[in-house]
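Q: Provided below are the primary sequence and the corresponding predicted coordinates.
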Amino acid sequence: MQELIEKPDNGFDMRVDEMEAKIRSLDHKLSKLNHDESVAIVCFSGDWDRLFAAFTIANGALALGKEVHMYFTFWGASAIRKKPRRKTIKRTPTQKFLGWMLPDSINDVPLSKGNFGGLGKRMLGKLMAQKGVDDLPALVNQARELGAHFHCCDTSLQLFGWGCDNLIEGEQSNWCGVTAFLSLAFKSKVTLFI
């Protein structure tokens, strides 16, 4: 019995070594699968209250030191739209009509309920000012200053006939398709659709 304790079986040592190697290999594979500390937000709605929620969450994540990627598609693209200084893209009559229907900028997006031709939004804005709550344009600027990454859906831009001069980031705007954004979303810890 003493000999077994002093001289362990080589087969046992090999099995322990093999198990440790497998555990190290699995740890390495798991570390590659770990999500980074980013947040991905899809902004589909062009409603003031939904965009307010999206930018509030984005700024909260940025304040916690997380990387934030916001993907603006269809009606949500109005959140990063601005009136162009010049018309650089020739648009079809349908694109012109859509451009006329959509808000010109973040300042013009309506409430989803109770907008009443802008009266509801003005009342809400007044209440927010009284309570010291930042309005939506301030939240957008805050997100930009804190380093949020804005991605505009390439398909939406094509459908609306928009160019770089239509977006608040101008030439620095990141146009991307859904697969490019999904590659960011798959790596994020949190993905929201608003």
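A: Thanks, I have the structure now.
Q: local confidence estimate at Gly11?
A: The predicted structure scores Gly11 at 58 on the pLDDT scale.
Q: please apply the same query to Leu4.
A: So Leu4 comes in at 50 (pLDDT).
Q: for Phe186, see how far away the residue positioned nearest the centre of the chain is.
A: Nearest residue to the geometric centre of the chain (C-alpha atoms, centre = their mean): Met70, 1.9 Å. Met70 sits at a distance of 16 Å from Phe186 (criterion: C-beta to C-beta, to the nearest Å). In short, each C-beta sits where N, CA and C put it, glycine included.
Q: what's the neighbour count on the residue nearest to the residue nearest to the centre of the chain when sequence neighbours are not counted?
A: Excluding its sequence neighbours, the residue lying closest to Met70 (C-beta to C-beta, 6 or more residues apart in numbering) is Ile41, at 4.8 Å. Burial of Ile41 is recorded as 24 neighbouring residues (other C-beta atoms under 10 Å).
Q: for Cys153, same thing?
A: As a measure of burial, Cys153 has 23 neighbours, counting by other C-beta under 10 Å.
Q: before we move on, what about Phe116?
A: Taking other C-beta under 10 Å as the definition, Phe116 ends up with a neighbour count of 12.
Q: and for Val68?
A: Each residue near Val68 was counted by other C-beta under 10 Å, and the total is 24.
Q: and Asp49, by the same measure?
A: With other C-beta under 10 Å as criterion, Asp49 counts 19.
Q: could you do Asp104 as well?
A: By the criterion of other C-beta under 10 Å, Asp104 has 15 neighbours.
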